[in-house]
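Participant: give me a 3D structure for the following:
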Amino acid sequence: MTKAVEFFFDVGSPASYVAWAQMAALAERSGAEIIYKPMLLGGVFKATGNQSPAMIPTKARYMMVDLQRAADYYNTPFKFNPHFPVNTLMLMRGAVAYIDSPRFHDYLNAIFTALWVNAKDMTTLEGVSEVLNAAGFDPAEVLTLCERDEVKTRLKDITNDAIERHVFGAPTFFVGDEMFFGQDRLDYLERALQ
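Facilitator: Numbers count the residues shown, from 1 in each chain. From the prediction side, this is the model:
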């Protein structure tokens, strides 16, 4: 049986970005399949009574330092986005729209890099369109896909699945029924796959 890791994430989470940047290498080392689960972190926060650490000044200060530490540890380029927090509804619908497509990883790479390496303003349609164009996507086509009922429903279903499984933040990983939370738990996750 193939080992699998379910990876619940939101592109608006810098910790999800740091973890995402490690997924290909982790999969190669462990021989595990990564099952990507794009969810709406805002929906998870609302359902669980949680909130972003960025909303709590003392946690926010620490988070900024710790995210840079994690990025440095993994040798991952990282720049905190000055436009944070970003409403990721359309961006996450885009992830769902491409999840079964060969362009899924291209999409994630474009969005994560724009947000957490190049610190682009992804709060406007113009900003998102510029990033999508540069990555070889037709922004009008992406927007059309994001408006499809099946895409909206699938994003809601994945988010509800996360909530039912007691996910409270991002990134969250599952190996079977065992949950791991945070970009700083990838070593535990990898050990669970051995």
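
Participant: so where do the strands sit in the protein?
Facilitator: 4-9, 33-38, 172-175, 178-181 (DSSP state E).

Participant: with mean neighbour count as extra columns, can I get the ones you listed in CSV?
Facilitator: Quick note: C-beta positions are derived from backbone N, CA and C, even for glycine. Formatted as CSV, the strands of the chain follow (neighbours: other CB atoms under 10 Å):
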stretch, mean neighbour count
strand 4-9, 22
strand 33-38, 18
strand 172-175, 23
strand 178-181, 16
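
Participant: of all these, which one is nearest residue 116?
Facilitator: Distance to residue 116, taken as CB to CB, is lowest for strand 4-9 among the strands of the chain, at 12.0 Å.

Participant: centre of the chain to the closest one, how far?
Facilitator: Relative to the centre of its chain, strand 4-9 is centred 10 Å away, using CA atoms, centre = their mean, to the nearest Å.

Participant: check which helices and strands it sits against.
Facilitator: helix 14-30, strand 33-38, strand 172-175 (3 or more CB pairs under 8 Å, 6 or more residues apart in numbering; DSSP states H and E).

Participant: what's the angle between that strand and strand 33-38?
Facilitator: On the basis of axes from the mean of the first three to the mean of the last three CA atoms, to 10 degrees, strand 4-9 is oriented at 20 degrees to strand 33-38.

Participant: list the pairing partners of strand 4-9 within its sheet, with orientation.
Facilitator: strand 33-38 (parallel), strand 172-175 (antiparallel) (DSSP bridges).

Participant: residue 6 and residue 158: what is the separation?
Facilitator: Residue 6 sits 10 Å away from residue 158, going by CB to CB, to the nearest Å.

Participant: next: residue 39.
Facilitator: 5 Å.

Participant: nearest to residue 193, out of the helices and strands packed on strand 4-9?
Facilitator: That would be helix 14-30 among the helices and strands packed on strand 4-9, by CB to CB, at 4.1 Å.

Participant: render the CA-only coordinates of that closest one in PDB, please.
Facilitator: The C-alpha trace of helix 14-30 is given here as PDB (Å, rounded to 0.1, in the frame of the first residue of the first chain):
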ATOM      1  CA  PRO A  14       2.900  31.800   5.100                       C
ATOM      2  CA  ALA A  15       3.400  28.700   7.100                       C
ATOM      3  CA  SER A  16       1.600  26.700   4.400                       C
ATOM      4  CA  TYR A  17       4.000  28.200   1.900                       C
ATOM      5  CA  VAL A  18       7.100  27.100   3.900                       C
ATOM      6  CA  ALA A  19       5.700  23.600   4.200                       C
ATOM      7  CA  TRP A  20       4.600  23.400   0.600                       C
ATOM      8  CA  ALA A  21       8.100  24.200  -0.500                       C
ATOM      9  CA  GLN A  22       9.300  21.000   1.200                       C
ATOM     10  CA  MET A  23       6.600  18.600   0.000                       C
ATOM     11  CA  ALA A  24       8.300  17.400  -3.200                       C
ATOM     12  CA  ALA A  25      11.600  16.500  -1.300                       C
ATOM     13  CA  LEU A  26       9.600  14.900   1.500                       C
ATOM     14  CA  ALA A  27       7.600  12.800  -0.900                       C
ATOM     15  CA  GLU A  28      10.800  11.700  -2.700                       C
ATOM     16  CA  ARG A  29      12.600  10.800   0.600                       C
ATOM     17  CA  SER A  30       9.700   8.900   2.100                       C
END
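
Participant: I am finished for the moment; much appreciated.
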